[in-house]
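Any chance you could fold what I've pasted below:
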Amino acid sequence: MGSTASGKNGTWRNWGGNVTVRPAREVTPASVDELAAAVRQAAEDGLKVKAVGSGHSFTAIAATDGVSIRPQLLTGIRKIDRKTMTVTVEAGTPLKRLNVALAREGLSLTNMGDIMEQTVSGATSTGTHGTGRESASLAAQIKELELVIADGSVLTCSEKENPEVFAAARVGLGALGIVTAITFAVEPLFLLTAREEPMPLDRVLAEFDQFCAENEHFEFYWFPHTGSTNTKRNNRSAGPPQPVGQLKGWFEDEFLSNGVFHAAQLVGRAAPAVVPTIARISSTALSSRTYTDIPYKVFTSPRRVRFVEMEYAVPREALVDTLREMKAMVDRSDLRVNFPVEVRTAPADDIALSTASARDSAYIAVHMFRGTPYQAYFTAAERILTAHEGRPHWGKVHTRDADYFAQAYPRFGEFTALRDRLDPERLFQNDYLRRVLGQ
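Below is the predicted model of the structure:
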């Protein structure tokens, strides 16, 4: 998975290739002071400011025609505090680099998403999550935030210091300021045993509550046009480590899951009529495997096939009905869906605009291969997901606006009031934030 990319004539495009913008200027600060100065200068010049990380959001949340802040020099660990079991890390640090560094120190995050190419600030600001019975999103593991606000000052927030900012800024959408450092809770490095197993969709849905209750982390992928899934159960282990062998890992995770899968996507894009056949072959080609390794090597996997994605969080109790409606919609339509649908869960948290704010949630993510028409599929899926009070992932394709979110989030008004206080002139505004937060 690549990072954010610049094109010709100073244009910027995201990883999915569906967002392109040309900022007036780009700034790559080497310190918080330089970043703060860039924010003040942009305000003097009448330009909007946005920070952009790895470019893995499928929305235009980081796009600007003003000043684009690139945080790639603001990387690395500032401090590890073993007494409080926290790590403070610069905002531009890629999650992959953080995970490797923590493992060297005998430490780990409690939970994480399924990729680790994003920067820590980009991932948390958009609500990136994994799957977990008790352990929640990356943002829910934050203990302190440092951010540069619209007047160029540096604000620190935590449960004790500026708590009203902390309640919102952990998933801040880049609307409250530019995050410069994050303090995460960590724990001693542990082992996870992963059990991956193909399973009929009907069984997964019938036993979904049981699977979630019996496993620390449960997720599955459903293959549209089939009744098949691939399930994954991750649970803590006393060891010993039994990682996937190097050759086996290359064959399954690189050759099959990326190389062969990419070739199948190219065929399906060129000849949509064969997509159901490819889906049936793909689902029956899966085999079971069990392995034990350190967390980031279990939670995450390489994703080299590029796609566009929509994801919604629905109330946890609505998942089974929602997915059955999704399957019925695909089965009765002429759609040709060439990517599996990913399902995960998360417990309720206390973050104002977290997709799991104040309710246990289940996530349904739909994808389409990059370059394949996705609008009809996403529109049909979104109609079902919103009917079940779904909340879209802030960094993934959706069409919702501020009026919708005011109903979907009990604390939406709290967030927008804080935004009015911290950024009254809308220095950090862009078209996306104007749509989802209002003026």
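
State the pLDDT value of the residue nearest the centre of the chain.
With distances taken as Cα atoms, centre = their mean, the residue of the chain nearest its centroid is Thr128 (3.2 Å). Looking at Thr128, its pLDDT reads 95.

ok, now Thr292?
With respect to pLDDT, Thr292 scores 98.

ok, it - how many residues close by?
Neighbours of Thr292 under the rule other Cβ atoms under 10 Å: 21. All C-beta spots, glycine's among them, are computed from the backbone N, C-alpha and C.

thought it was touching Gln242?
Yes - with contact defined as Cβ atoms under 8 Å, Thr292 reaches Gln242; the gap is 4.4 Å.

tell me the secondary structure for Pro240?
coil (DSSP: H, G, I helix; E, B strand; the rest coil).

list the contacts for it?
Contacts of Pro240 were listed using Cβ atoms under 8 Å, 6 or more residues apart in numbering, and they are Thr292.

pretty sure Thr386 is touching Arg400, no?
Yes - counting by Cβ under 8 Å, Thr386 does reach Arg400; the two are 7.3 Å apart.

State the distance from Ala43 to Met329.
47 Å (Cβ to Cβ, to the nearest Å).

what about the strands in the stretch 51-200 of the chain?
Applying DSSP state E, counting those that start in this stretch to the stretch 51-200 of the chain gives strands spanning 67-69, 77-81, 86-90, 107-108, 142-148, 154-158, 178-185, 187-188, 191-200.

tell me what the second one is packed against?
Here strand 77-81 is seen to pack against strand 86-90 when contacts are counted using 3 or more Cβ pairs under 8 Å, 6 or more residues apart in numbering; DSSP states H and E.

make it 10 Å
In terms of contacts (3 or more Cβ pairs under 10 Å, 6 or more residues apart in numbering; DSSP states H and E), strand 77-81 is packed against strand 86-90, helix 95-104, strand 178-185.

Please work out which residues outside it touch it.
86-90, 93, 97-98, 101-102, 105, 107, 143, 146, 181-183, 186 (Cβ atoms under 10 Å, 6 or more residues apart in numbering).

Report the secondary structure state of the closest residue to Thr126 other than its chain neighbours.
Using Cβ to Cβ, 6 or more residues apart in numbering and skipping the chain neighbours, the partner closest in space to Thr126 is Gly395 (3.5 Å). Following three-state DSSP, the label given to Gly395 is coil.

how close does Gly395 sit to Ala168?
Distance, Gly395 to Ala168, using Cβ to Cβ: 17 Å.

tally of neighbours for Pro188?
Neighbour tally, Pro188, other Cβ under 10 Å: 10.

hang on, I meant Met85
Based on other Cβ under 10 Å, the number of other residues close to Met85 is 14.

what's near enough to touch Ala175?
So Ala175 contacts 50, 61, 125, 168-169, 353, 415-416, 418-419, 422-423, 426, 428-430, 432-433, 436-437 (Cβ under 10 Å, 6+ apart).

Not counting sequence-adjacent ones, nearest residue to Pro340?
Per Cβ to Cβ, 6+ apart, closest to Pro340 is Tyr221, 3.9 Å.

returning to what we had before: where do the contact lists of Thr386 and Arg400 overlap?
Common neighbours of Thr386 and Arg400 (Cβ under 10 Å, 6+ apart) are 312, 392, 408.

which secondary structure element contains Ala213?
Assigned by DSSP states H and E, Ala213 belongs to helix 208-214.

any idea of the mean pLDDT for that helix?
Throughout helix 208-214, pLDDT has a mean value of 97.

What is the distance between it and the centre of its chain?
The chain centroid and the centroid of helix 208-214 are separated by 23 Å under Cα atoms, centre = their mean, to the nearest Å.

Tabulate the CA atom coordinates of the very next helix or strand once past it in PDB.
Where DSSP H and E defines the elements, the next helix or strand beyond helix 208-214 is strand 217-222. The C-alpha trace of strand 217-222 is given here as PDB (Å, rounded to 0.1, in the frame of the first residue of the first chain):
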ATOM      1  CA  HIS A 217     -11.700 -10.200  18.200                       C
ATOM      2  CA  PHE A 218     -14.100 -11.600  15.600                       C
ATOM      3  CA  GLU A 219     -14.500 -10.500  11.900                       C
ATOM      4  CA  PHE A 220     -15.500 -12.000   8.600                       C
ATOM      5  CA  TYR A 221     -15.600 -11.400   4.900                       C
ATOM      6  CA  TRP A 222     -18.600 -12.300   2.900                       C
END
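
I'd like the next helix or strand past strand 217-222.
Per DSSP H and E, strand 217-222 leads on to strand 228-237 as the next helix or strand towards the C-terminus.

so who does the spatially closest residue to Val67 that is not a sequence neighbour touch?
Excluding the flanking residues, the one nearest Val67 by Cβ to Cβ, 6+ apart is Ala42, at 4.3 Å. Going by Cβ under 10 Å, 6+ apart, Ala42 touches 24-25, 27, 48-50, 64, 66-67, 69, 150, 152, 427-428.

Please convert the buried members of the residues you listed into ChimeraX selection syntax.
Applied in ChimeraX, the following selects the buried portion of the contacts of Ala42 according to 16 or more other Cβ atoms under 10 Å:
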select :27,48,49,50,64,66,67,69,150,152,427,428
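
of the contacts of Ala42, closest to Tyr404?
Taking Cβ to Cβ as the measure, Tyr404 sits nearest to Phe428 out of the contacts of Ala42, at 21.4 Å.

in stretch 212-222, what counts as buried?
Within stretch 212-222, the residues scored as buried using 16+ other Cβ under 10 Å are 212, 215-222.

Which helix or strand in the protein has the lowest average pLDDT?
None of the helices or strands of the chain scores lower by mean pLDDT, DSSP states H and E than strand 5-6, at a mean of 48.
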